[in-house]
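> A structural model of the following input is requested.
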Amino acid sequence: MSDEFEELRARAERIKENVAEAELKAGRKSGSVTVLAAAKYAYPEEIAFLRDECGITVFGENRVQTYVDHAEKIPGGTGKIRLDFIGSLQKNKVKYISKDVCLIHSLDSLALAAEIDRQAVKAGRSIKVLVEINSGEEASKGGLAPADAEAFCRSLGDFRSIEFAGFMTMGPRYDNYIDYFNNFYKTSQLALDIWEKTIHNIGDPILSMGMSDSFEPAIAAGSTLIRVGSGLFGRHTPTL
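Numbers count the residues shown, from 1 in each chain. Sure, this is the predicted structure:
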């Protein structure tokens, strides 16, 4: 086993330990938070290693081309992993992932919803989506303004092949725990309020909040899924 893979194992174990500790501190059930490995920085062999050796089976892609490349090149295939799309998604790219994507995290417009629905019908399936909320209302980021989120979520009932599964937020970058927590908590309370009003209490929503530098306050604020990229893979950019 190369040093690089041993380092990857060590980072994965450290993240899993930190998640377990954050769950305990927040009074959350052990295993209630899913670790998604943001595979933007990953080689296909690293994805296979995390799956086979570290018990991490949920992966997210930021770009459609990388999604397609990874799906084709991961040793052992994608049968034992869940492959989500977590980046900004253009309408003309939906068709490339519609047959097998497990969850789209970044739905933020009715035009995109219509295209996801159309491609899902063509693929003969439904597609799960998260509504992205721009919790910091930052002009540089995608997502819906918090004030617009409820009406948008209600409108998703018009699409028969979209399964509304919860919410995602990127959130602003902060330099301290409490600011991260306050932002994530505000977002989670908004999301749960919308869910109660629009889903009639059927199941619980996915709350995709928190990344490598912010997942601990996100878990304290109610996140059920964290997206960890550089914390796992470092900041190298792979050549596929």
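
> and the helices in the protein?
For the chain, the helices defined by DSSP state H cover 3-25, 44-53, 64-73, 110-123, 146-155, 177-198, 215-220, 230-233.

> so where's this structure shaky on pLDDT?
Where the chain drops to pLDDT under 70, the residues are 1, 200-201, 235-240.

> and with 50 instead?
Low-confidence segments of the chain (pLDDT under 50): 239.

> tell me how far the residue lying closest to Ala120 once chain neighbours are set aside lies from Glu53.
Leaving aside its chain neighbours, Ala120 sits nearest to Ser161 (3.7 Å; criterion: Cβ to Cβ, 6 or more residues apart in numbering). Backbone N, C-alpha and C define where each C-beta goes, glycine included. Applying Cβ to Cβ, to the nearest Å, the value for Ser161 to Glu53 is 36 Å.

> same check, this time on Val19
18 Å.

> which one's more surrounded, those two?
Neighbours per residue (other Cβ atoms under 10 Å) separate Val19 from Glu53, with Val19 holding more: 23 against 13.

> and the residue nearest to Ala120, what does it touch?
Applying Cβ atoms under 8 Å, 6 or more residues apart in numbering, one finds that Ser161 lies in contact with Ile116, Asp117, Ala120, Val121, Arg125, Ser126, Ile127.

> do Lys95 as well
Contacts for Lys95 (Cβ under 8 Å, 6+ apart) come out as Gln119, Lys122.

> check Gly229 too.
Contacts of Gly229 (Cβ under 8 Å, 6+ apart): Ala37, Ala38, Ala39, Lys40, Tyr41, Met211, Ser212.

> for it, give me phi and psi.
Main-chain dihedrals, Gly229, degrees, to the nearest 10: phi -120, psi -80.

> so it versus Ile74, what's the distance?
17 Å.

> next one: Gly234
For Gly234 relative to Ile74 (Cβ to Cβ), the value is 19 Å.

> same check, this time on Gly166
Separation of Gly166 from Ile74 (Cβ to Cβ) stands at 26 Å.

> one more: Asp3?
Look at Asp3 and Ile74: by Cβ to Cβ, they are 22 Å apart.
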